[in-house]
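>>> Take a look and give me a structure for this.
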Amino acid sequence: MEIILTQDVSNLGHKNDIVAVRNGYATNFLIPKGYAVLATASAKKVHAENMKQRAHKEAKLQEAAQSVATKLEGITVAIATKVSSTGKIFGSVNNIQIAESLSAKGFEIDRRQISIVGEDNVKEVGIYEAEAKLYRDIKARFKFEIIAE
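Now for the predicted structure:
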């Protein structure tokens with residue numbers, strides 16, 4: 001069954017994508033929740049017209065995300081936390097602290113768009129790598145350093 005997504009759905013597609021899914025997934029979950037509409041012939045025509053009108057706006061968004069990605073690639077963010085004498089952190093550092101330290105440097109990135117590369121929990125002092133998903137396929141990797149307070 002073909003559907004048109006009305007908003008981003010993780011592991012499926014982005015808003016305004018036309019995707020093929022199983023009938024039960026579409027009729028029991030996506031359409032009732034408002035994540036998608038059925039891709040009929042008339043809906044596809046309306047969708048095509050809307051996509052033509054949005055192409056210019058999408059190009060601007062993509063260009064802005066690309067410029068933020070190039071700025072973000074070269075920085076290292078320092079996060080100060082309480083540390084024991086052995087170098088272990090009390091608790092752990094997650095994407096919320098990374099988003100706060102990025103906003104202090106002037107990058108307004110939502111915490112849900114940031115993921116730590118390679119490890120689930122950061123529990124020791126050191127340099128780690130994170131990835132920010134800025135726009136559809138535009139991702140930026142940057143380093144963050146855990147330092148003792």
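>>> Only C-alpha atoms from now on, for both contacts and neighbour counts.
Will do.
>>> Show me the domain layout of this protein.
Per the record, the chain has its domains at 2-63, 69-148, by automatic domain parsing.
>>> Make JSON lines from the ones you listed and add mean pLDDT and mean neighbour count to it.
Output for the domains of the chain, formatted as JSON lines (pLDDT from 0 to 100; neighbours: other C-alpha atoms under 10 Å):
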{"stretch": "domain 2-63", "mean pLDDT": "92", "mean neighbour count": "14"}
{"stretch": "domain 69-148", "mean pLDDT": "90", "mean neighbour count": "16"}
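>>> Just give the closest residue to Gly74, not the sequence neighbours.
Phe142 (6.7 Å; C-alpha to C-alpha, 6 or more residues apart in numbering).
>>> Which of the three states applies to that neighbour?
strand (DSSP: H, G, I helix; E, B strand; the rest coil).
>>> Do I have it right that it meets Leu72?
Yes - here Phe142 reaches Leu72: they are 6.4 Å apart, a contact under C-alpha atoms under 8 Å.
>>> I'd like to know how far the residue nearest to the spatial centre of the chain sits from Lys88.
Nearest residue to the geometric centre of the chain (C-alpha atoms, centre = their mean): Gln113, 3.0 Å. Noted for Gln113: a distance of 26 Å to Lys88, by C-alpha to C-alpha, to the nearest Å.
>>> Then Asn121?
To Lys88, Asn121 is 12 Å away according to C-alpha to C-alpha.
>>> cool, Pro32 as well?
Separation of Pro32 from Lys88 (C-alpha to C-alpha): 47 Å.
>>> Before I go, just wanted to say thanks for your time.
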